[in-house]
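Enquirer: Mind looking at a prediction? Sequence and model below.
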Amino acid sequence: MSNKNNVSHGVDWLLILLYAMLLCTGLLCVFMVEYKPDTDWIASFLGGKTNYSKQLIFIGICTIVATFILLADSKLFTAFANLMYAFGIVLMLATFVIGRNVNGSKSWIPLGGGFNIQPAELCKIFTALALAKFLSRQETDFTKFKSQLIAFGIVLFPALLSRLQHETGLALVYLSFFIAMYREGLPGIYLIIGFAFGVLVVATLLVDPNILAITLTLIAALAIYLLRRQIKRNKAGLYVIVAVWAVCVGIQRFAVPYIFNNVFECYQSQRIYMSFGKDYDCSQNHAVKKDKGNNKVYKPDDYNVRQSKIAIGSGGILGNGFLKGTQTRGKFVPAQSTDFIFTSLGDAFGLVGCLFLLLLYLFMLFRIIRVAERQRSRFSRVYAYSVVSILFYHIAVNILMTIGLFPSIGIALPLISYGGSSLLTFTTLIFILIRLDADRQMVLR
Amino acid sequence: MPAFNQSRSRIIQIIFLAVFIIITAQLVHLQVFSSKYKMAAESNAIFRKVIYPDRGIIFDRKRKALLQNNITFDLVVTPSETKGTDTATLCNLLGIDTTEYRKRMKEIIFKNTAVRPSTFEALLSDEMYAKLNENMYKFPGFILNERKARTYPYNIGANILGYIGEVDTTFLRKHKDEGYEMNDYTGMSGLERTYEKVLMGERGVKRYIKDNKSRIQGSYENGMYDTSAVAGRNLYTSIDVDLQALGERLMKNKVGAIVAINPKTGGILCMISAPTYNPNYLTGSERRKHFAELLLDPRLPFNNRPLGNMYSPGSTFKTVSGIIGLTEGVIDEKTTITCPGYFTGCGNGKPKCLDKGTFNFTNAVAHSDNTYFSTVFKRLLEQPRYGGADSALTVFNTYASSFGLGSKLGVDLPSEKKGNLPTSAYYRKKNGGKFYACNLISNAIGQGEVQTTLIQLANVMTIIANKGWYYTPHVVDSIEGGDEYNMLKAYKIKHHTDNRIPDSVYTAVQDGMQAVVDYGTAAGRSKIAGIVMCGKTGTVENYDHGIKQQDHSFFGAFAPRDNPKIAIAVMCENAGQGAWFAAPIASLMVEKYLRDSITGPERNAQLIQLENTNLIPQRMRLEMAKRDSLKQIRESKKLQEKMNKENIDSIDEEEISPEIKNIPNKEKNNPTKDSSPKKKTNTIVAAFLNNEKKKKHYIA
């Protein structure tokens, strides 16, 4: 605490630079999307009417918030982590009562003055802090199953609440905490099981059920054949293989159809099927079955993704040029300033522009990992990994969605997409990390 | 501190990297290798507007425009953008039903995809345009596209000028690299087709940026890729508008053709094919209907008879046989031959001759003596110096083909036929290997297997007028801006007939042809006071499905004899002797051309009389009557349906409807009462009865 008065001491300026560069890129993209050739853009930038002008105001607010965070004491975050988590959960529960319906999801709390707050978004920060707090407790032994279960609970409870608010995208964000947990010693088998489950679901979508069942059986038989010596010695191996086979076939036969027909909404199932180039028959969906009188025709709505891919493809290698993106100017891509902001970059600057942004992101992710690894305190490290996981999840899912490799779920591109809520959340996440990192020398734990 | 998990940070980094590599790979795929998205983006955002240039104008020899361009509008649709169109209103305005609408849409999508604009209704009438223009906001996906259409101020020359029409898929396949697109127009026949390359000009393309609601946002890349339209080039023809108009007037209600050629240049002065149609018929909104009508006309108005039909030339061919006979020395000008009523050379009493007596060459031509020319031909075939009839016929054919017979002349209009000069091989095959002079004696008088087109006949007249040379007959004299594609090169080459033919032979034939008009077969009505015209009549026997029909009337002529200015061939199908119709028509045409008007009340009366004579052959009249009655039945059915509909629609008419329903019953009791439907209601009844009968028939 030698330089107590100097706030800037130990601050990771590289991270702040990357943050600023992303903000500028974002502002540029929002400007490109809404630009009209005949308007005086300087005036409308200051006018506060257009999205890019509003985004500029949000950036201003974020700067203030970031400054406050940097001025705060890092002990504050450790001390209040659990309290904030509890506050977040209460807010989310409150949403069910006083929530406002925005775009079909009842996940916003009106604050007055035209501002809304989405607790699920804020809860990401609190969950990151709470998880860090829990894992950094001296008495926590993360190798024990009980601790793992508690950590799962911390992460999955807000996810469940988000899902109940029909915010599937946000609910899935919480799964990214498993990356942080993995770093802290969660057995790799969890990730492998998760990954295997994903592969199995995809395979179920792509391959005929019977062929898949036969393939799985053949794999099991092959495994038994190869391991016949071990099995002779120890019958347990055989049971494991048979059990795994039974679970796999069960998932493929019953679980996956059940999930698509009864857990997901019709449009969600359709989107997932569509991103693998398949059609989903909505008449099997529970929501559709419920109201049979309603003879609505469920058409596959891959319009967004198709237009998004077209816009990105339109750019080519070098792009159509700044403000010359044909798809952007023609407003062909829906929600282009928010979820599909990446397309404006692809349209105007082509592959070069996209790779520039990707490298910026990658650089930032790796920088945060590096920052995480240099922490002495477990709290800071868990928190840093949580931040990097959330960022990675957002970036990957958003971009994969715009290029048609992932079902489209409403998720923002960090620091680029238009919108105050998401900008503020990421700013807070990153600057708490910067604050914690600046004090890495002081905290021993 | 579980530092032992530090290696996992590497794994996490690798996972991140892997996902980013997947993203990059897909980006490269989308942006670099897949042209699909680039094209989709273009069709999304770029509106290609084709700027149609003015097609070239076609002028006559006095620089009068035979056709002009005016502006019409097409209703153009992009099926993928028609969401929200008020289909009912549109159908109402266009006068079609929704079934038709859907049918057309399906067809358009099948032919030209749903995303590209296609013509929904071509060439709207002014009234329709006004109605649609007011309501266009109700029809997203539809636009009114300007297009230049042809108009024909003189209403003549359909067979020469031809018509333009929308290209079809076959055409596009054939002309792949010439820049045609669906919905483009191209010359389908006549000059429009032959000179398409010059007339069409170059189309321009303007590119605009449009937004997701198809609103134009401005030009694309500041018009960098825009091309401007280059107008088509004008054609200057040798056609004489007045002569063409007179010819079409004279050939009204006749089946036949006229070709007049300027012997000096080979330029075609007029080319009439009868029956013809008003070229304005095939422009404008009713085009489709008229086209179908013309196509089904049993008189075949689309047939360009002077080029596309082959006829036995009849006695007009005697000029050619005579020239060959004189040149080969089997006769001379003073040779006389007697006709006792028929040709005695072959012992079968054929062919007969009209005037008995003894003729020298001039008189034989003048009176068209069959025996004389049969004898000439027989002598020629039996000349010992040729060493047989086969080679004699070859000699004959060599001469004849130097007159442009037996092969296409190469006129600058499509679908020319080549005629026929039969060879000995043909006869040997036909007659089981044997070849007798007597088998083909009728060729001498143009009645056997010899066949010519009328333009070939006119060309023979040109040759006789010029005493041995001609230019290939052609319509177009010059092209504005030069003959870039060498389309006119062939018409600048002077062709000579066989060089063995001396001038004196032509003089002898001309003597005979002058006599034809002065005191021969065409004397009297065909004589033009003060003009020395040489001509030759032809009366051609012909058969339809083995039944002998009225003779075709032929006449070939040129005038004046010294310094000839016009060579003409006229043909009137089933009109009888050459002197009855073809000759007087030709004489009027010649006078018109040489004097610019018909002089004297007598001649004018003759003109009107000829104009008003109906010579449509009986078989065609029957077919037309059949067609018309079928049409009437169809129309009355339509009318009845309409009336029925109205009855349902309107309450006021309820009182009338039972009446209408009752009439058939009454009629049924006494169906022969009124068999010729005169009033509308009666027609309806007839149609109704017809239906009733059919139904019963089916039931039975």
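Expert: Sure thing, it's come through.

Enquirer: Mind pulling the model confidence for residue B:289?
Expert: For residue B:289, the pLDDT comes out at 82.

Enquirer: Excluding chain neighbours, give the residue nearest to the closest residue to chain A within chain B in space.
Expert: Nearest residue of chain B to chain A (Cβ to the nearest Cβ) works out as residue B:37 at 2.4 Å. For every residue, glycine as well, the C-beta is placed using N, CA and C. Spatial nearest neighbour of residue B:37, chain neighbours left out: residue A:313 (2.4 Å); criterion: Cβ to Cβ, 6 or more residues apart in numbering or on different chains.

Enquirer: circling back to that earlier point, ok, the residue of chain B closest to chain A touching residue A:308?
Expert: No - at 10.1 Å, residue B:37 does not count as touching residue A:308 under the criterion of Cβ atoms under 8 Å.

Enquirer: And the two? Which one has more around it.
Expert: More neighbours surround residue A:308 than the other of residue B:37 and residue A:308, with 29 against 23 (other Cβ atoms under 10 Å in any protein chain shown).

Enquirer: what helix or strand is residue B:242 on?
Expert: helix B:241-250 (DSSP states H and E).

Enquirer: Tell me the helices and strands packed up against that helix.
Expert: Using 3 or more Cβ pairs under 8 Å, 6 or more residues apart in numbering or on different chains; DSSP states H and E, the elements in contact with helix B:241-250 are strand B:256-261, strand B:268-274, helix B:582-595, helix B:601-612.

Enquirer: So for residue B:37 and residue A:308, which residues contact both of them?
Expert: Residues touching both residue B:37 and residue A:308 (Cβ atoms under 8 Å, 6 or more residues apart in numbering or on different chains): none.

Enquirer: any idea of the mean pLDDT in the host helix or strand of the residue of chain B closest to chain A?
Expert: Element membership for residue B:37, per DSSP H and E: helix B:35-45. Here helix B:35-45 scores 80 as its mean pLDDT.

Enquirer: Kindly export it (C-alpha atoms) in PDB.
Expert: Presented in PDB, the C-alpha positions along helix B:35-45 are these (Å, rounded to 0.1, in the frame of the first residue of the first chain):
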ATOM      1  CA  SER B  35     -20.300 -16.300 -54.500                       C
ATOM      2  CA  LYS B  36     -23.900 -17.200 -53.500                       C
ATOM      3  CA  TYR B  37     -24.100 -14.600 -50.800                       C
ATOM      4  CA  LYS B  38     -22.500 -11.900 -52.900                       C
ATOM      5  CA  MET B  39     -25.100 -12.500 -55.600                       C
ATOM      6  CA  ALA B  40     -27.900 -12.600 -53.100                       C
ATOM      7  CA  ALA B  41     -26.600  -9.400 -51.700                       C
ATOM      8  CA  GLU B  42     -26.700  -7.900 -55.100                       C
ATOM      9  CA  SER B  43     -30.200  -9.000 -55.900                       C
ATOM     10  CA  ASN B  44     -31.200  -7.700 -52.400                       C
ATOM     11  CA  ALA B  45     -29.700  -4.300 -52.800                       C
END
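
Enquirer: helix, strand or coil for residue B:69?
Expert: Here residue B:69 is strand, with the state taken from DSSP: H, G, I helix; E, B strand; the rest coil.

Enquirer: Report the separation between the residue lying closest to residue A:44 once chain neighbours are set aside and residue A:325.
Expert: Nearest residue to residue A:44, sequence neighbours excluded (Cβ to Cβ, 6+ apart): residue A:50, at 5.0 Å. Residue A:50 is 18 Å from residue A:325, where distance means Cβ to Cβ, to the nearest Å.

Enquirer: out of those two, which sits in the more crowded spot?
Expert: Under the criterion of other Cβ under 10 Å, the comparison of residue A:50 against residue A:325 puts residue A:325 first, with 30 against 19.

Enquirer: got the contact list for that one?
Expert: A:32, A:311, A:314, A:315, A:319, A:344, A:347, A:348.

Enquirer: how does chain A divide into domains?
Expert: A:13-188+A:301-438, A:193-290 (automatic domain parsing).

Enquirer: chain center to the first one: distance?
Expert: What that stands for is domain A:13-188+A:301-438. Computed by Cα atoms, centre = their mean, to the nearest Å, the chain-centroid distance of domain A:13-188+A:301-438 equals 7 Å.

Enquirer: Alright, I will stop here.
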